[in-house]
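S.K.: Need coordinates for the following:
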Amino acid sequence: MSENMSIVEERYGLAIDRIRELHTEAAGAYGDYIRQVCRMFLTLHDILETPDGGGPLREWNKILYGDIADGAYENSYANPAHAAKVFGAGIGKYLCLYYVRFRDAITAAYEGDREEVLLRMELFLQMVNLLDEEEPERALREAVYYFIHDYDGEQMEKSLRRMLCPEKGLVYRLVMESDFSNLDYLYRYGEYVTENEIKMAMFLSSLPEETLCAMARTYTEGYRKGFEAAGIDLSQKKTVQIRYHIGFEPMVRQAVRQFEAMGLRAVFTRKTNTRAMGVVSTSPDKQYQYDHRYDDALYLNKALVSERLKTAERLFEKYREEAAVYAGPAVIEIFGEKLFVPVSRPESPSYTEEQEALSVGYTRDYALIQNRYIPQDSYSFTIIAYPIPEIGEQFEEIFRETVRVNTLDEEKYRRIQQALIDALDEGDYVCVTGRGANCTNLRVQLHRLENPESQTNFENCLADVNIPVGEVFTSPLLTGTSGTLHVSRVYLNELCYENLELTFEDGMVKDYTCTNYDSEEENRRYIKENVLHNRETLPMGEFAIGTNTTAYVMGRRYGIEAKLPILIAEKTGPHFAVGDTCYSMSEDVVLHNPDGKEIIAKENERSALRHTDIEKAYFNCHTDITIPYDELGDIIVFTKTGKTITLLQEGRFVLPGTESLNEVLD
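M.R.: As a prediction, the model looks like this:
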């Protein structure tokens, strides 16, 4: 045993002994809180001390997530409102923050990371001592700040290493070595396990291997085609980051093998308590994640942001070689979870104006650092989505229908979409209107084509990086793009918006509202936080026309329109993105459509600032908002000569060459 590990073991022994004492001795105002945290750490100790794969895995899962799952969150110390009620607003918000940070040790324990668990244990013991201080709130605030400050670098390095360095760690072993007939493997991730994960694993493991291979092939070939379409040499890459929902291992195993045949080794990242990215499972309670989305407001300051950016620069430099061979993410998304309407809690942490600016600046500057080491024009991605059992009794039928949607005839769509593009390329601008109660009325300004015989404004999007097939899109000019975008109900990043309305002036969001809350102030704050990402405004980064009427009909037939992910929903009508363009940080890459024409509309007046003031050019966000066909009025192209070309009328395709898209609608 190394000297460092010997010290860790000694510290660990002292910490767990003290936690055992507190578990039986804790009393007073904080007694129940302390005992609950002790119980969690004692369970994690049992996990660390149990040989790989052994122990009461299902019982541990219930213990570790029982305080925030199945309705228990309302009375959990992880709930800011409950913590404030029990301990008061001041101390309560910090005890709630600590409680959530302690939970970060759960996946660390399952991965055998004893030192990470120890750090959380020692933070807990420090917190217990601070509760006896004369000014405990101040002491708690300082302690968590210095904990974050001192260990941020280690956490950032772990995350970056997992993203860039292929290691046969826990996730790899679970995917490649598990016996899928024994569902205990699902519990070995340390994530929350529900019927979604269990039934999905059972369903997929029941499919023939050739079916799983075909599903994986759609996904991995989409990835390969993305490199081909972008003119990037995939043979120069060595790693692919795979993101998936637990329960999909039978398909992911086939994908890993197929990627390996391409010369790519898989890397897997893990999510945090409140940020779902990487290998994920069903959330114990989505309100829990929503309440804690701005936890860093309790300690974020300029010094911390500055230090994080310096650390990011140092770490990317350290992993420069690994970054150079990173091929990008391959993502399996899921849909069908119960629809979530968040509750706005005044007790939840929120940013000051200064912190909003710091957060926005950090997100932007981190992205710029990453782009220096992993330029966006040097890698690609792919995303595919499937339903999960929670979608309802028709799950298996919907799953098979989704497989069909994901494998529609690309050649047919290429021809249809080319007809749309040929008409759009005649345009000076496009008008999009709603019908019925939808009050959309938008004018979208297009780029000027200097050489129409060899140039195009719109990309003919087939099934590569965004599966399934079904859209043509462009980066519109901002100047001249104005009007109102309205959708009666839409889900964006799992959050519901009722009567979402955005007003654009010269391509920038000028005003916004919705009807989620009785208070207009709450409605505007909800949009600012979750659509504008705490910015005062964002540009229209994309205008697209979705052509996948088959996906639209699937949503209507099964009553799952609201549950379709953006990936599919954006193909079921025209959509508009607020934020960066689809070509963010890769505007100078030369791209061609299948007909050979060069796509020239890859930037707007904001992204063009990358040449003079890069901090104003990018926003590091892109949110698609789709108008479904049943709310859509007309889409009409206006040419410089005064001619008009109608593409869709009353939600139906009328342009010659596109009418077959109406067959499934009728």
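S.K.: Show me where the stretch 501-650 of the chain has its strands.
M.R.: 508-513, 540-546, 574-579, 598-599, 622-626, 632-638, 644-649 (DSSP state E, counting those that start in this stretch).
S.K.: what angle sits between the third one and strand 540-546?
M.R.: In this structure, strand 574-579 runs at an angle of 160 degrees to strand 540-546, with axes from the mean of the first three to the mean of the last three CA atoms, to 10 degrees as the basis.
S.K.: and residue 518, how many neighbours?
M.R.: The number of residues packed near residue 518 is 8, by other CB atoms under 10 Å. The way it works is simple: take the backbone N, C-alpha and C, and place the C-beta from them, glycine included.
S.K.: who's the nearest residue to residue 593 once chain neighbours are set aside bridged to?
M.R.: Of all residues not flanking residue 593 in the chain, residue 460 sits nearest, at 4.6 Å (CB to CB, 6 or more residues apart in numbering). On the basis of DSSP bridges, residue 460 is bridged to residue 472.
S.K.: thinking residue 460 is in contact with residue 421, fair?
M.R.: Yes - between residue 460 and residue 421 there is a contact under CB atoms under 8 Å: 6.0 Å.
S.K.: Comparing these two, which residue is more hemmed in?
M.R.: Neighbours per residue (other CB under 10 Å) separate residue 460 from residue 421, with residue 460 holding more: 24 against 21.
S.K.: OK, contacts around the more buried one?
M.R.: Residues near residue 460 by CB atoms under 8 Å, 6 or more residues apart in numbering: 414, 417, 418, 421, 472, 593, 594, 595.
S.K.: switch the cut-off to 6 Å
M.R.: 417, 593, 594 (CB atoms under 6 Å, 6 or more residues apart in numbering).
S.K.: how close does the second one sit to residue 308?
M.R.: Right, residue 593. 41 Å (CB to CB, to the nearest Å).
S.K.: Kindly report the same for the last one.
M.R.: Distance, residue 594 to residue 308, by CB to CB: 43 Å.
S.K.: before we move on, what about residue 133?
M.R.: In terms of CB to CB, residue 133 sits 28 Å off from residue 308.
S.K.: More neighbours: these two, which one.
M.R.: Of the pair residue 133 and residue 308, residue 308 is the one with more neighbours under other CB under 10 Å, namely 19 against 12.
S.K.: Quick check: which helices or strands does the host helix or strand of the more buried one pack against?
M.R.: Secondary structure from DSSP states H and E places residue 308 in helix 302-318. For helix 302-318, the packing partners by 3 or more CB pairs under 6 Å, 6 or more residues apart in numbering; DSSP states H and E come out as helix 136-164, helix 353-373.
S.K.: Buried residues, the lengthiest strand in the chain. List them.
M.R.: In the chain, taking DSSP state E as the definition, the longest strand is strand 477-492. Neighbour-count burial for strand 477-492 flags 477-478, 481-492 (criterion: 16 or more other CB atoms under 10 Å).
S.K.: and it, which strands flank it?
M.R.: strand 441-445 (antiparallel), strand 495-505 (antiparallel).
S.K.: can I get those strands in CSV with distance to residue 25 and mean pLDDT?
M.R.: Below are those laid out as CSV (distance: least, CB to CB, whole Å; pLDDT from 0 to 100):
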stretch, distance to residue 25, mean pLDDT
strand 441-445, 65, 98
strand 495-505, 43, 95
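S.K.: need the contacts of residue 460 in JSON lines with distance to residue 78, pLDDT and neighbour count, can you?
M.R.: What follows is the contacts of residue 460, written out as JSON lines (distance: CB to CB, whole Å; pLDDT from 0 to 100; neighbours: other CB atoms under 10 Å):
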{"residue": "417", "distance to residue 78": "47", "pLDDT": "97", "neighbour count": "26"}
{"residue": "593", "distance to residue 78": "50", "pLDDT": "93", "neighbour count": "20"}
{"residue": "594", "distance to residue 78": "51", "pLDDT": "92", "neighbour count": "14"}
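S.K.: Just name the closest of those to residue 240, please.
M.R.: Proximity of the contacts of residue 460 to residue 240 (CB to CB) peaks at residue 594, which lies at 25.1 Å.
S.K.: I'd like the mean pLDDT over stretch 395-415, please.
M.R.: Mean per-residue pLDDT for stretch 395-415: 95.
S.K.: Please save the CA atoms from it in PDB.
M.R.: Only the C-alpha atoms of stretch 395-415 are listed here, as PDB (Å, rounded to 0.1, in the frame of the first residue of the first chain):
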ATOM      1  CA  PHE A 395     -44.700   0.600 -24.900                       C
ATOM      2  CA  GLU A 396     -43.600  -2.300 -27.100                       C
ATOM      3  CA  GLU A 397     -45.800  -1.200 -30.000                       C
ATOM      4  CA  ILE A 398     -44.500   2.400 -29.700                       C
ATOM      5  CA  PHE A 399     -40.900   1.100 -29.500                       C
ATOM      6  CA  ARG A 400     -41.300  -0.800 -32.700                       C
ATOM      7  CA  GLU A 401     -42.900   2.100 -34.400                       C
ATOM      8  CA  THR A 402     -40.100   4.400 -33.200                       C
ATOM      9  CA  VAL A 403     -37.600   1.900 -34.800                       C
ATOM     10  CA  ARG A 404     -39.600   2.300 -38.000                       C
ATOM     11  CA  VAL A 405     -39.500   6.100 -37.800                       C
ATOM     12  CA  ASN A 406     -35.700   5.900 -37.200                       C
ATOM     13  CA  THR A 407     -35.200   3.900 -40.300                       C
ATOM     14  CA  LEU A 408     -37.300   5.700 -42.900                       C
ATOM     15  CA  ASP A 409     -36.200   5.700 -46.600                       C
ATOM     16  CA  GLU A 410     -33.500   8.400 -46.700                       C
ATOM     17  CA  GLU A 411     -33.500   8.600 -50.500                       C
ATOM     18  CA  LYS A 412     -37.300   9.400 -50.600                       C
ATOM     19  CA  TYR A 413     -36.800  12.200 -48.100                       C
ATOM     20  CA  ARG A 414     -33.700  13.500 -49.900                       C
ATOM     21  CA  ARG A 415     -35.800  14.000 -53.000                       C
END
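S.K.: How far does it sit from its chain's centre?
M.R.: 23 Å (CA atoms, centre = their mean, to the nearest Å).
S.K.: and it, which residues are buried?
M.R.: 395, 398-399, 401-403, 405-408, 410, 413-414.
S.K.: cool, stretch 184-204 as well?
M.R.: Under the neighbour-count criterion of 16+ other CB under 10 Å, stretch 184-204 has 185-194, 196-204 buried.
S.K.: Also stretch 581-590?
M.R.: For stretch 581-590, by 16+ other CB under 10 Å, it's 581, 582, 583, 584, 585, 586, 587, 589.
S.K.: got a list of what the first one touches?
M.R.: Shown in contact with residue 581 (CB under 6 Å, 6+ apart): 475, 541, 607.
S.K.: now those as CSV including neighbour count, distance to residue 40 and pLDDT?
M.R.: Formatted as CSV, the contacts of residue 581 follow (neighbours: other CB atoms under 10 Å; distance: CB to CB, whole Å; pLDDT from 0 to 100):
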residue, neighbour count, distance to residue 40, pLDDT
475, 29, 48, 97
541, 27, 43, 97
607, 24, 46, 95
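S.K.: Residue 637: which of those residues is nearest?
M.R.: Nearest to residue 637 among those, with distances taken as CB to CB, is residue 475, at 17.0 Å.
S.K.: tell me the contacts of that closest one?
M.R.: For residue 475, the contacting residues are 581, 601, 602, 603, 604, by CB under 6 Å, 6+ apart.
S.K.: since we're on the residue lying closest to residue 20 once chain neighbours are set aside, how many residues are nearby?
M.R.: Once flanking residues are discounted, residue 20 sits nearest to residue 42: 7.0 Å by CB to CB, 6+ apart. For residue 42, the neighbour count with other CB under 10 Å is 14.
S.K.: Can I take it that residue 42 is in a helix?
M.R.: Yes - secondary structure assignment places residue 42 in a helix (DSSP: H, G, I helix; E, B strand; the rest coil).
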